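S.K.: sequence first, then the predicted structure, then my questions.
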Amino acid sequence: MTQAPFATHDVFNQSSPFWDVDLFTADAPLAAAVVANGGARATAELSDFGKHWGSAVMAERGRVANENTPKLRTFDARGNRRDEVEFHPAYHELMAHSAHAGVHNSTWTADGKPAGGATEVVRAARFYIASQVETGHLCPITMTRASVAALASQPDILAKTMPVIATRAYDPSFAPWWTKRGMTLGMGMTEKQGGTDVRANMTRAERDGDAWRITGHKWFMSAPMCDAFLVLAQAEQGLSCFFMPRFAPDGTVNAIHFQRLKDKLGNRSNASSEVEFHDAYAELIGEEGKGIRTIIQMVQLTRQDCAIASAGLMRSGLAHALNHARHRSVFQKHLADQPLMQAVLSDMALHVEASIALVMRLCRAFDRAPTDAGEAAYMRLLTPAIKYWTCKSAPGFLYEAMECLGGNGYVEEGILARHYRESPVNAIWEGSGNVMCLDVLRALGREADAALAVLRALAEETRGLPGAAEAVTSIGQSFRRPDSERIARLAVEKLALLAAAAALNQVSPGNAELFAATRLAERHAGMYGAVDLSDADQRALLARALP
């Protein structure tokens with residue numbers, strides 16, 4: 001008796017890869033949020049960007065860049081100190097594509113002024129799309145863009161660097177920045193004894209004619225491959241901000257000695273370093289002794305990008321989960337047609353839709369802040385609140401997305417395991433959750449009247465939504481309490497939820513009502529899908545999430 005053939009290599013009941021899609025037009029909540037916040041004229045170019053970054057080629061570059069992590073080359077073959085970081089070509093290709101699209105500089109004019117219009121919104125849409133493919137390379141993209149805000153405190157340095165920053169070219173060569181087609185900038189603030197309390201920094205700066213010499217150590221210096229860094233060090237008049245290039249003005253390699261690259265949980269395509277400065281050449285940025293005031297201009301923008309990237313990661317998790325559920329059959333039905341899976345996916349879709357509406361509303365505030373005091377107050381109060389809620393939401397959300405794929409989501413061949421490992425960094429970097437809550441309290445303390453005006457505006461924008469009036473009252477009472485710091489996380493989360501409902505109400509009023517009903521009128525359950533949405537609402541959310 002012959003045995004029937006058993007072909008184990010036949011593959012069926014598996015989802016097709018989620019690539020070769022337009023990551024802009026396939027994302028109706030993103031497209032609607034861009035239009036609602038002033039970016040309608042950019043929809044065609046964003047679609048082109050979405051097609052390019054949604055291609056299988058770009059997905060493969062993201063995978064390869066993360067599997068081939070950076071390497072530190074401390075010395076050359078002859079023993080000369082070099083401190084170069086070597087990357088796989090896929091990483092450089094990702095950097096080049098982001099630079100070509102202006103993700104690192106499009107919010108600035110050629111002379112380093114805010115570009116105005118809807119440039120923050122449009123640039124954020126690109127950043128959000130790129131983060132769905134490969135987030136690690138966006139660290140130097142973020143810091144290069146944000147550094148211009150700090151360099152504005154030193155017009156002579158801004159004037160000489162901006163012509164190189166403003167190009168849409170990526171130049172990975174190890175050479176003096178002034179000889180290159182384009183440049184990137186990093187940041188060094190954190191020391192061993194503490195990351196949050198930078199006033200405790202021990203790195204020293206001493207005058208050397210018109211320049212400075214820096215001696216000390218940084219426990220984390222982000223993106224060590226960059227052409228220059230903004231670094232905090234103690235000068236005679238206190239903590240100050242400095243521009244530290246990789247090469248000194250005479251063309252010699254600056255005394256920036258990398259001790260090691262950090263072995264991180266995620267963000268693996270990108271390098272982070274521990275470094276020593278041995279009389280390293282630097283130039284003062286801003287006023288001596290006012291380093292925090294100078295660099296906080298940069299930090300505000302990097303926090304914005306943390307929120308955008310977290311929203312992008314969650315969007316990617318949702319898209320991959322929904323794509324899988326529509327192709328995978330279980331118990332004679334596609335997963336997407338199973339009532340429990342529909343409940344989970346639609347609840348996740350609602351969260352992502354509110355998140356992207358909120359971060360785009362924040363970007364509109366960044367666009368308008370220079371000329372609108374109300375938008376400037378919104379930006380100052382809500383940037384830390386939005387970073388807090390969005391970034392801390394991402395890891396749990398991405399775990400849920402992985403579970404929608406079952407074992408396929410957990411293995412490294414897919415993108416969701418990488419997204420999951422990536423997601424915590426945005427909550428940790430540039431101020432952890434507690435720091436964000438304290439920053440909200442500081443904003444309330446410094447600008448009580450402006451903050452109250454923001455809360456009143458949110459109350460008006462959410463008028464009639466379930467639970468909104470009660471949330472406004474609760475937020476106001478919480479921040480007035482003498483023990484407000486103790487309950488700050490509760491109040492800041494509620495503030496972010498209220499702001500998300502308000503932002504979504506400008507984009508999709510029906511979904512804003514669902515969001516408010518499940519997040520403001522009642523406490524959202526600890527698990528996605530533990531809400532009671534009608535069949536019609538579920539179908540509408542999922543159709544809007546991914547056609």
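M.R.: Noted; the coordinates are in hand. The structure displayed is predicted, hence computed values, not measured ones. Numbers count the residues shown, from 1 in each chain.
S.K.: and stretch 334-343, which residues are buried?
M.R.: Within stretch 334-343, the residues scored as buried using 16 or more other C-beta atoms under 10 Å are L335, A336, Q338, M341, Q342, A343. Where C-beta positions appear, they are placed from N, C-alpha and C, glycine not excepted.
S.K.: restricted to helices, list these.
M.R.: Using DSSP state H, the subset of these located in helices is M341, Q342, A343.
S.K.: pretty sure the last one contacts S534?
M.R.: Spelled out, that is A343. No. The pair A343 and S534 does not pass the contact test of C-beta atoms under 8 Å, sitting 10.8 Å apart.
S.K.: strands of this structure, start to end?
M.R.: 71-75, 81-86, 185-190, 204-208, 211-222, 228-235, 238-245, 256-261, 272-285, 329-330, 333-334 (DSSP state E).
S.K.: among the ones you listed, which comes closest to C391?
M.R.: Of all those, the one in closest proximity to C391, counting by C-beta to C-beta, is strand 211-222 (16.4 Å).
S.K.: partner strands of that closest one and their direction?
M.R.: Applying DSSP bridges, strand 211-222 is found paired with strand 185-190 (antiparallel), strand 204-208 (antiparallel), strand 272-285 (antiparallel).
S.K.: can you give me the buried ones in that strand?
M.R.: For strand 211-222, burial by neighbour count (16+ other C-beta under 10 Å) applies to W212, R213, I214, T215, G216, H217, K218, W219, F220, M221, S222.
S.K.: report the spatially nearest residue to the fifth one, omitting neighbours in sequence.
M.R.: What that stands for is G216. Nearest residue to G216, sequence neighbours excluded (C-beta to C-beta, 6 or more residues apart in numbering): T203, at 2.6 Å.
S.K.: ok, now which ones touch that neighbour?
M.R.: E191, I214, T215, G216, H217, K218, V231, L232, A233, Q234, F277 (C-beta atoms under 8 Å, 6 or more residues apart in numbering).
S.K.: try I386
M.R.: Contacts for I386 (C-beta under 8 Å, 6+ apart) come out as A307, L358, V359, L362, A496, A499.
S.K.: the residue nearest to the fifth one when sequence neighbours are not counted: neighbour count?
M.R.: Nearest residue to A496, sequence neighbours excluded (C-beta to C-beta, 6+ apart): W389, at 3.5 Å. Around W389 sit 26 other residues, with neighbours defined as other C-beta atoms under 10 Å.
S.K.: give me the pLDDT for W389.
M.R.: pLDDT for W389: 98.
S.K.: you'd agree it is up against A500?
M.R.: Yes. With contact defined as C-beta under 8 Å, W389 counts as touching A500 (7.5 Å).
S.K.: so how far is V299 from the closest residue in space to G238 that isn't next to it in sequence?
M.R.: Take G238 and drop its neighbours on the chain: the residue closest to it by C-beta to C-beta, 6+ apart is G289, 3.5 Å away. Per C-beta to C-beta, to the nearest Å, G289 is found 18 Å from V299.
S.K.: what about these two, which has more around it?
M.R.: A direct count of neighbours by other C-beta under 10 Å for G289 and V299 places V299 higher, at 19 against 14.
S.K.: how far off centre is the least confident helix or strand in the chain by mean pLDDT?
M.R.: Ranked by mean pLDDT, DSSP states H and E, the helix or strand of the chain with the weakest confidence is strand 329-330, at a mean of 85. Taking C-alpha atoms, centre = their mean, to the nearest Å, one finds strand 329-330 lying 35 Å from the centre of the chain it belongs to.
S.K.: which residues are contacting it?
M.R.: Outside strand 329-330, the residues within contact range by C-beta under 8 Å, 6+ apart are N13, L335, Q338.
S.K.: wait, the second one touches N323, no?
M.R.: No. Because the distance of 10.7 Å does not satisfy C-beta under 8 Å, L335 is recorded as not touching N323.
S.K.: intersection of neighbour lists for those two?
M.R.: Joint contacts of L335 and N323 (C-beta under 8 Å, 6+ apart) do not exist.
S.K.: quick one: average pLDDT of the helix ranked longest in the chain?
M.R.: The residue-count maximum for a helix in the chain (DSSP H) belongs to helix 291-327. Averaged across helix 291-327, the pLDDT comes to 96.
S.K.: if you skip the residues just before and after it, what's nearest to the one residue sitting closest to the centre of the chain?
M.R.: Geometric centre of the chain, nearest residue: C306, 2.5 Å, by C-alpha atoms, centre = their mean. Among residues not flanking C306 along the chain, N426 sits closest, at 4.0 Å (C-beta to C-beta, 6+ apart).
S.K.: that's all I had, so thanks and see you.
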